[in-house]
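Participant: need coordinates for the following:
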Amino acid sequence: MASKVKLPRPIKAPKIHVRTGDSVIVLSGDNRGKKGVVLRVFPREQRALVEGDAAIYDTRHVKANPQADIKGGRIQRLRPMHISKLALVDPTTGKATRVKIERTENGVVRIAKKSGHRFPVSAK
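Facilitator: Alright, predicted model coming up:
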């Protein structure tokens, strides 16, 4: 059984190696080796929503509410994955890669360790 103790959330959001729109590959679990695209990142929870082959779904039972025009039944929604299970896909090799971060006059640039590919700077 999982522990009921909730750890305190960090004051400042930790740095994460994946960003929205990145192509990622799953490193462990049932979906190991499958690729997907990051839809949303939750830095404080250290999780990311991934769509595509790597997506994991939760089934929710929803009670009908005719006043709010909600149909009842089972619906599937995406489950966030922990970011330690995700690695960026290097476009030159198509495999998982680690990244190093370099500062330039345009901002922070992520560079693939193996091939040296530069990932584009996202506008923050």
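Participant: got a list of what the residue nearest to the spatial centre of the chain touches?
Facilitator: Geometric centre of the chain, nearest residue: Ala48, 2.8 Å, by Cα atoms, centre = their mean. Taking Cβ atoms under 8 Å, 6 or more residues apart in numbering as the contact definition, Ala48 lies against 16, 18, 24, 38-42, 80-81, 83, 86. C-beta coordinates here come from the backbone N, C-alpha and C atoms, glycine included.
Participant: take the residues you listed and keep only those in strands.
Facilitator: Under the assignment DSSP state E, the contacts of Ala48 contribute 24, 38-42, 81, 86 to strands.
Participant: now, among those residues, which is nearest to Gly94?
Facilitator: Of all the ones in strands among the contacts of Ala48, Gly94 sits closest to Val24, with 12.5 Å by Cβ to Cβ.
Participant: ok but the residue nearest to the centre of the chain is inside a helix, no?
Facilitator: No - going by DSSP: H, G, I helix; E, B strand; the rest coil, the assignment for Ala48 is strand, not a helix.
Participant: sorry, back to before: closest to Asp30 among the contacts of Ala48?
Facilitator: Minimum separation from Asp30 among the contacts of Ala48 (Cβ to Cβ) is found for Met81, which lies at 11.2 Å.
Participant: where in this protein is pLDDT low?
Facilitator: Where the chain drops to pLDDT under 70, the residues are 1-2, 122-124.
Participant: can we see that at 90?
Facilitator: Counting by pLDDT under 90, the chain contains low-confidence ranges at 1-16, 44-45, 103-108, 114, 119-124.
Participant: for this protein, what spans make up the strands?
Facilitator: Along the chain, the stretches classed as strands by DSSP E are 23-26, 35-42, 47-52, 57-62, 73-78, 81-82, 86-89, 96-97, 99-104, 107-112, 118-119.
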